[in-house]
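[1] The following comprises the amino acid sequence and a computationally predicted model.
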Amino acid sequence: MKAYAAGYSTVFNELPFELCKASQGTIPSDLVGTYFRSGPAMFSAGAVEPPKTSAVRPKEPPAPDGTDKERMVKHPFEGDGGCLGVTFTGDGTASARFRYVRTATMTKERKKGMKIYTGMEVTRMEGANVANGMGNDFPVPMFKHHLSPGLNKSRKNTSNTRSIYWAKKLITLWEGGLPYKLDALGLSTEGRSQLGGIVNDSDPFSARGVIDSKKDRILFYSNKQDGGGSDITLFEFNSKFRVASANEYQFPGYAIISDFAVTEKYAIFVQPPVSINGMAFMLPKDPAKFLKVDKEPAMLHLLKRGQAGSMKTISVPADGISDSELQFINAYEDENGTVIFDAIRSDSRKVSKSMTEWPWAQTSDDFAASASKKSLWRYKVNVSGGSVSKECISDVPIYFGSVNPAVSGQKHQYAYAAVGAMGMSNAPPQGIAKINVDTKAMDIWYPEEYEFCGEPMFAPKKSENAGEDEDDGYIISVLNNGKEKSSEIIILDATKITAGPIARMPLGIAIPHGLHGCFASTDECNWSAEEIERRAKLSDKMESRGNMWNEVKSDFSGLGLRLDDFEEYFGDLL
């Protein structure tokens, strides 16, 4: 397990550009497009110094992980986000790059060389009992951010959770704050985005975007939480990233949500049963102090798409395992109108400790004691009858479930996921699995004991006859080698998962265990190595221009305001 723990190591040197070749096998010629993935990557604050031309210089140089506890985050999810991009052009090579998202908070800590944002530390230090073991869950907690709204020193937008490429725009997401827009070629940060002015600069925004493959839309939500109720805005954007609809709904009580699913008619949310400590609500809003997850049934909300306020709420029957913090894989409606969705559940009944010091999870016992056990379940919702049933598909520890984006929001036969390598026992994500959700059959490939895979992402084949079958494509994942402290891209044939990678491609950098990403297969995403390298050099040059670095120049950033300037000059007042 020390090899797994090594995967939570800060990236001190970014990767502006690397032309990569397969060290094993051959990169398929019909794999064309760009793979993006986000994840926490800076666990020691100020790990990357500002440009030499910056007027503000840190008092201390970057500190290696563990050497200065005051600079280390208490939970890996608090790490500043980095984005990986790997472009395949069908010529047997790939262009890789990795950069941090220059968020306002990361920029400020970077310039001062110290940890400034400590808002979640009170909750992290409360230990394993927070939210019945879910609040500080490992590796991703249920309580993801401080509950003080807007721009302040308690809520740190790390933009570390998900990369989404849509309508020629790349954004990175974090639950509770605005998305950041990145240049898709060089991965330079263009600034916080208000999505064309639709979202206010202090509004929360989701870390999840769901594709409606039939209508060619992408959906997000905003969750404005309050003790008396939570206002949910469901956004639908068309293929040009223009707003098709924005409808408001109200959930009862204080809604803690971080995921949802979409069918042709509905957006699906599951709201945990949460009660509030009224006194603590008047004080600093530390989740562990004033929120309690009760052992009552969760509420399933079916939001009627395109109809503001129209929703149906159904109680999810309790069975001993919490339905809080569901991780949705896909949803659809069958011919009878039944809503069916597959999701990963988290069983936190055996969580007994919380790890707050780096390095995290050095032993199997530490991981099992601090992480909920994940399993794959199918839910069926009888909409007219107002009932929910559920069935376990697999009890193997399962993480980062995904489907072929072509069937997102439609009936699917296969799901892909990272799985543990200790049978039914709780273990971190390591292998890659393909699950036939109709038959419950699983095809699994496991790497070496010191290698760990992340989220599997489906990539369609770029050929005339491709796409006839749902699994006609490739699975891409990042493999972290904890023994060598290196990372590779692995490529598997989606029809032959057990055969293992058909290509392994070293990245020339060790990238920490990440979270979520996407594969962009549209025609413009096969940029040449020369284009990417040229943009990378331009990104470095622009950042070296002192106080002008990270300037927003995008028409996608709302009014074009550089919100980072506001934080930089007035942040001490927030």
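    Here it is on my side, so go on.

[2] Please, where are all the helices along the stretch 51-200 of the chain?
    Ranges of helices in the stretch 51-200 of the chain, per DSSP state H, counting those that start in this stretch, are 104-112, 121-125.

[3] Over to the stretch 301-450 of the chain?
    So, for the stretch 301-450 of the chain - with DSSP H, counting those that start in this stretch - the helices run 364-370.

[4] ok, now which ones touch the closest residue to F519 other than its chain neighbours?
    Nearest non-adjacent residue to F519, counting by Cβ to Cβ, 6 or more residues apart in numbering: A459, 4.4 Å away. To be clear about C-beta, it is placed using only N, CA and C from the backbone, and glycine gets the same treatment. By Cβ atoms under 8 Å, 6 or more residues apart in numbering, A459 lies in contact with 31, 33, 35, 473-476, 519, 521.

[5] Which members of those occur in strands, if any?
    33, 35, 473-476, 519 (DSSP state E).

[6] which two from the residues you listed end up farthest apart in space?
    G33 and I475 (13.6 Å; Cβ to Cβ).

[7] Would you mark the buried spots in whichever helix in the chain runs longest?
    Looking across the chain with DSSP state H, the single longest helix is helix 529-543. By 16 or more other Cβ atoms under 10 Å, the buried positions in helix 529-543 come out as 529, 532-533, 535-536, 539-540, 542-543.

[8] And stretch 225-238, by the same measure?
    Per 16+ other Cβ under 10 Å, stretch 225-238 contains these buried residues: 225, 230, 232-237.

[9] returning to what we had before: for the buried residues of helix 529-543, give me CSV that also has distance to K156 and pLDDT.
    Shown next, in CSV, are the buried residues of helix 529-543 (distance: Cβ to Cβ, whole Å; pLDDT from 0 to 100):
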residue, distance to K156, pLDDT
A529, 35, 98
I532, 30, 98
E533, 33, 97
R535, 28, 96
A536, 27, 96
S539, 24, 92
D540, 26, 91
M542, 25, 88
E543, 21, 87
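
[10] now, which of the residues you listed sits nearest S44?
    E543 (20.5 Å).

[11] That closest one contacts P51, doesn't it?
    Yes. Contact criterion Cβ atoms under 8 Å: E543 and P51 qualify, at 5.4 Å.

[12] now for stretch 277-296, what's the gap between its first and last residues?
    Using Cα to Cα, to the nearest Å, one end of stretch 277-296 lies 17 Å from the other.

[13] oh sorry, the question was meant for stretch 300-313
    Using Cα to Cα, first and last residues of stretch 300-313 are 6 Å apart.

[14] Ok, stretch 292-300 next?
    19 Å.

[15] what about that stretch, distance to the chain center?
    24 Å (Cα atoms, centre = their mean, to the nearest Å).

[16] Then stretch 391-398?
    21 Å.

[17] can you check stretch 44-63 too?
    With Cα atoms, centre = their mean, you get 27 Å for stretch 44-63.

[18] I'd like the distance from the helix or strand containing F458 to the chain centre, please.
    Counting by DSSP states H and E, the element that carries F458 is strand 457-460. What separates the centre of strand 457-460 from the centre of its chain is 17 Å, taken as Cα atoms, centre = their mean.

[19] Check stretch 412-430 too.
    Distance, centroid of stretch 412-430 to centroid of chain: 18 Å (Cα atoms, centre = their mean).

[20] Give the rounded mean pLDDT of that stretch.
    For stretch 412-430, mean pLDDT rounds to 98.

[21] what does stretch 55-62 give?
    89.

[22] Do me a favour and get the end-to-end distance for that stretch?
    Span of stretch 55-62 from end to end, Cα to Cα: 18 Å.

[23] Show me which residues of it are buried.
    Buried residues in stretch 55-62 (16+ other Cβ under 10 Å): 58, 62.

[24] got a list of contacts for that stretch?
    Contact with stretch 55-62 is made by 12, 44, 46-50, 68, 110-114, 546-547, as judged by Cβ under 8 Å, 6+ apart.

[25] closest to L178 among those residues?
    Nearest to L178 among those, with distances taken as Cβ to Cβ, is R110, at 19.1 Å.

[26] Tell me where this protein is predicted with low confidence.
    The chain contains residues with pLDDT under 70 at 151, 227, 278-283, 546-574.

[27] quick revisit: deepest-packed of the helices of the stretch 51-200 of the chain, please.
    helix 104-112 (a mean of 22; mean count of other Cβ atoms under 10 Å).

[28] any idea how far that one is from the chain center?
    22 Å.

[29] now for the longest helix of the chain, which elements pack on it?
    With contacts taken as 3 or more Cβ pairs under 8 Å, 6 or more residues apart in numbering; DSSP states H and E, helix 529-543 sits against strand 15-21, strand 80-89, strand 93-100.

[30] mind redoing it with 7 Å?
    Contacts defined by 3 or more Cβ pairs under 7 Å, 6 or more residues apart in numbering; DSSP states H and E place helix 529-543 against strand 15-21, strand 93-100.

[31] would you turn the ones you listed into JSON lines with mean neighbour count?
    Shown next, in JSON lines, are those (neighbours: other Cβ atoms under 10 Å):
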{"stretch": "strand 15-21", "mean neighbour count": "18"}
{"stretch": "strand 93-100", "mean neighbour count": "23"}
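
[32] Let's have those strands in a markdown table, adding distance to K169.
    Below are the helices and strands packed on helix 529-543 laid out as a markdown table (distance: least, Cβ to Cβ, whole Å):
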| stretch | distance to K169 |
| --- | --- |
| strand 15-21 | 21 |
| strand 93-100 | 17 |
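
[33] Report the contact partners of G229.
    With contacts defined as Cβ atoms under 7 Å, 6 or more residues apart in numbering, G229 is in contact with 250-253.

[34] ok, those residues vs A331, which is closest?
    F251 (18.3 Å).

[35] Now do the closest one: how many residues are near it, please.
    20 (other Cβ atoms under 10 Å).

[36] who's the residue nearest to K462 when sequence neighbours are not counted bridged to?
    Nearest non-adjacent residue to K462, counting by Cβ to Cβ, 6+ apart: V32, 4.1 Å away. With DSSP bridges as the criterion, V32 is bridged to T89.
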